[in-house]
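A.B. asks: fold the following.
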Amino acid sequence: MVRDIINVQYPTLDHTESIANIGIEKQTVTQANGITIADAFSNKNNSLFIVIDNTASSSLLTVKAGEAYPNSMLGDIVIELPEGISAIQLQDLSRFEKADGSLDLDFAEGFSGTIYAIAKWAGVREVA
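C.D. replies: Predicted coordinates:
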């Protein structure tokens, strides 16, 4: 299967570093392809949110088990996606992380909608 790839979107801090703003870019999901979120776990601070706008009736989402850690032996998780917008946060990152730091998602037949992923930066920013 050739998956569609999206990137995690990070906030841009204003010059005071008191306000962060993310300009969201949504990707239309091609159900047959599934989605790979590239570098999904590069932030390592548990701030990743996957936002899905399901324009079909209720559907199912499969969060695929990774291969980077032994915890992936717990397998995939299938969750219900109600019609409308869902914000998903993963609590057991090591279960789903692939060796390249990405995450794979599969959508049930009949799903239609959009997806994007957001997170906050972890660590110290480079000095400009």
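A.B. asks: please count neighbours and contacts with C-alpha atoms only from this point.
C.D. replies: OK.
A.B. asks: now the strands: where do they sit in the protein?
C.D. replies: Along the chain, counting by DSSP state E, strands occupy 4-9, 12-13, 20-21, 27-28, 35-38, 49-54, 59-63, 77-81, 84-88, 103-107, 113-118.
A.B. asks: which stretch in those has the least confidence?
C.D. replies: Lowest mean pLDDT of the strands of the chain: strand 12-13, a mean of 78.
A.B. asks: for the spatially most central residue of the chain, what are its contacts?
C.D. replies: Most central in the chain under Cα atoms, centre = their mean is I50, positioned 4.0 Å from the mean C-alpha point. By Cα atoms under 8 Å, 6 or more residues apart in numbering, I50 lies in contact with A87, I88, Q89, I115, Y116, A117, I118.
A.B. asks: quick one: closest of the strands of the chain to Y69.
C.D. replies: Closest to Y69 of the strands of the chain is strand 103-107 (Cα to Cα; 13.0 Å).
A.B. asks: in its sheet, what does that closest one sit against?
C.D. replies: strand 35-38 (antiparallel), strand 59-63 (antiparallel) (DSSP bridges).
A.B. asks: who touches stretch 89-96?
C.D. replies: 41, 46-50, 63-76, 103-104.
A.B. asks: give the PyMOL command for selecting the buried subset of the residues you listed.
C.D. replies: To isolate the buried members of the contacts of stretch 89-96 in PyMOL, using 16 or more other Cα atoms under 10 Å:
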select buried, resi 41+46+47+48+49+50+63+64+65+66+67+68+71+72+103+104
